[in-house]
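1. The following block contains a protein sequence and its predicted model.
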Amino acid sequence: MAQPTNTFDTYDAIGVREDLSDMIYNISPTDTWFMSTAGRGKVSNILTEWQTDALAAVDTANAVIEGDDATLDAVTATARVTNRTQISDKTVVISGTEEVVDKAGRDSELSYQITKKMAELKRDMEAIITQNQAVVVGDATTARKLRSLESWYTTNTSRGATGANGSATTAATDGTQRDITETLLKSVIQQCYTAGGNPKYLLVGPVNKQKVSGFTGGATKMIDAEDAKLVAAVDVYRSDFGEIRVVPSRFARERTAHLLDMEYWSIGFLRTFRAFKLSKTGDSEKWQALAEYTLLAKNQGASGVIADLTVT
């Protein structure tokens with residue numbers, strides 16, 4: 001079939017109003033689990049320091065002779081640890097004309113973009129904090145960088161062949177990748193418990209979240225006949241030492257699983273989230289969103305890591 005001759009249709013018409021929705025749809029994830037769950041504090045310098053300590057090993061030979069003079073025990077000093085603050089920012093510049101023209105989905109382009117940049121900044125910070133980043137002291141030409149989560153683990157670790165722990169000055173060394181297994185998880189949970197930690201969360205990427213859901217744990221997944229649901233996910237892993245909530249992360253590295261006691265992790269802010277108007281140099285508005293922050297590992301020995309995992 002074809003149109004009758006001289007049919008005037010929308011392809012020919014001039015002046016048909018555009019149908020532009022007043023909604024702006026954005027599916028980019030903004031959940032920042034680690035930053036939201038960790039404690040929040042204030043630091044007062046670009047170098048922040050704190051101390052950690054541990055009790056001596058249990059002495060099962062602790063018996064003394066009646067009436068004997070006391071033998072003086074050695075005293076162990078506390079450990080002094082540090083981290084550097086890192087500055088992260090987002091900027092936006094909007095022309096004067098763009099700010100005043102009629103727009104769909106927002107009244108003020110400047111307000112919309114500043115709000116968007118603040119969300120982007122928070123995502124950047126979540127990713128930075130959970131990465132394997134070594135501390136950088138910084139200078140007049142080099143940006144300071146904080147020591148991030150993966151580089152803190154020095155105890156309660158499970159790494160692939162050739163993998164190595166990080167240090168106060170270096171990131172962890174990536175090793176040979178292997179599949180995450182229930183045996184690996186149980187081993188690190190036990191290490192944390194023995195050290196005195198009580199981890200409550202397992203932070204993993206989406207691929208390894210699905211692999212953890214494949215753990216049997218001696219249980220059988222069942223179909224809920226009433227709701228017609230197949231239970232195929234593990235959201236809480238019940239170990240011999242307590243329940244572990246399995247949390248997926250879009251921003252942490254997929255190759256690393258973090259077993260976390262969040263009581264001992266905190267975000268320290270030298271400057272909290274803020275937006276500044278920059279100096280005007282022409283017919284535009286310039287703003288900068290900024291935060292200066294660091295990761296406080298109050299005692300890394302309460303947590304653990306299963307590193308060097310396959311990502312497919």
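-> Arrived safely. Here the structure is a predicted model, which is why all the values come from computation and not from measurement. Numbering: from 1, shown residues only.

2. partners of the spatially closest residue to Lys117 that is not a sequence neighbour in the sheet?
-> Distances taken as CB to CB, 6 or more residues apart in numbering place Lys90 nearest to Lys117, at 3.8 Å, with adjacent residues excluded. In this view, the C-beta of every residue, glycine as well, is placed from N, C-alpha and C. Beta bridges link Lys90 to Ala289, judged by DSSP bridges.

3. Number of residues surrounding Lys90?
-> When neighbours are defined as other CB atoms under 10 Å, Lys90 has 20 of them.

4. OK, contacts around it?
-> Residues near Lys90 by CB atoms under 8 Å, 6 or more residues apart in numbering: Lys117, Met118, Glu120, Leu121, Asp124, Gln288, Ala289, Leu290.

5. Report the separation between it and Thr52.
-> For Lys90, the distance to Thr52 (CB to CB, to the nearest Å) stands at 34 Å.

6. got it, and Ala168?
-> For Ala168 relative to Thr52 (CB to CB), the value is 12 Å.

7. Pull up the overlap in contacts between these two.
-> Here Ala168 and Thr52 share the contacting residues Val81, scored by CB under 8 Å, 6+ apart.

8. ranges for the strands of the stretch 201-312 of the chain?
-> 201-204, 223-224, 229-230, 236-239, 242-248, 257-260, 265-277, 284-297, 304-306 (DSSP state E, counting those that start in this stretch).

9. Ok, which of the ones you listed comes nearest Thr194?
-> With CB to CB as the criterion, Thr194 lies closest to strand 304-306 of these, at 10.6 Å.

10. Of the contacts of Lys90, just the buried ones, PyMOL syntax please.
-> Listed next is the PyMOL selection for buried residues among the contacts of Lys90, using 16 or more other CB atoms under 10 Å:
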select buried, resi 117+118+121+124+288+289+290
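
11. Need the max-distance pair from the contacts of Lys90.
-> Checking the contacts of Lys90 with CB to CB, the most distant pair is Asp124 and Gln288, at 13.9 Å.

12. Count the residues that sit near Glu99.
-> Count around Glu99 with other CB under 10 Å applied: 15.

13. right, and it touches Glu285 too?
-> Yes - contact between Glu99 and Glu285 holds when scored by CB atoms under 8 Å: they sit 6.6 Å apart.

14. what sits in contact with each of the two?
-> Common contacts of Glu99 and Glu285, defined by CB under 8 Å, 6+ apart, comprise Leu110.

15. where does the stretch 51-200 of the chain have low pLDDT?
-> Along the stretch 51-200 of the chain, no part satisfies pLDDT under 70.

16. try 90 this time
-> 54, 104-105 (pLDDT under 90).

17. Just name the closest of the contacts of Lys90 to Ala2, please.
-> Closest to Ala2, out of all of the contacts of Lys90 and judged by CB to CB, is Glu120, at 51.0 Å.

18. List the contacts of the helix or strand where that closest one lies.
-> Here Glu120 is covered by helix 109-129, with elements defined by DSSP states H and E. Identification of contacts with helix 109-129 by CB under 8 Å, 6+ apart yields 24, 28-30, 32-35, 86, 88-92, 94, 98-99, 103, 105-106, 146, 148-149, 251-252, 267, 273, 275, 285, 287, 289-291, 293, 295.

19. Buried ones only from the residues you listed, please, as a ChimeraX command.
-> To isolate the buried ones among the contacts of helix 109-129 in ChimeraX, judged by 16+ other CB under 10 Å, type:
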select :32,33,34,35,86,88,90,92,94,146,148,149,251,252,267,275,285,287,289,290,291,293,295
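
20. quick one, what contacts the nearest residue to Thr97 once chain neighbours are set aside?
-> Spatial nearest neighbour of Thr97, chain neighbours left out: Asp283 (7.5 Å); criterion: CB to CB, 6+ apart. Asp283 sits next to Ser95, Gly96, Thr97 when contact means CB under 8 Å, 6+ apart.

21. can those residues go into CSV with extra columns for secondary structure?
-> Output for these, formatted as CSV (DSSP: H, G, I helix; E, B strand; the rest coil):
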residue, secondary structure
Ser95, strand
Gly96, helix
Thr97, helix
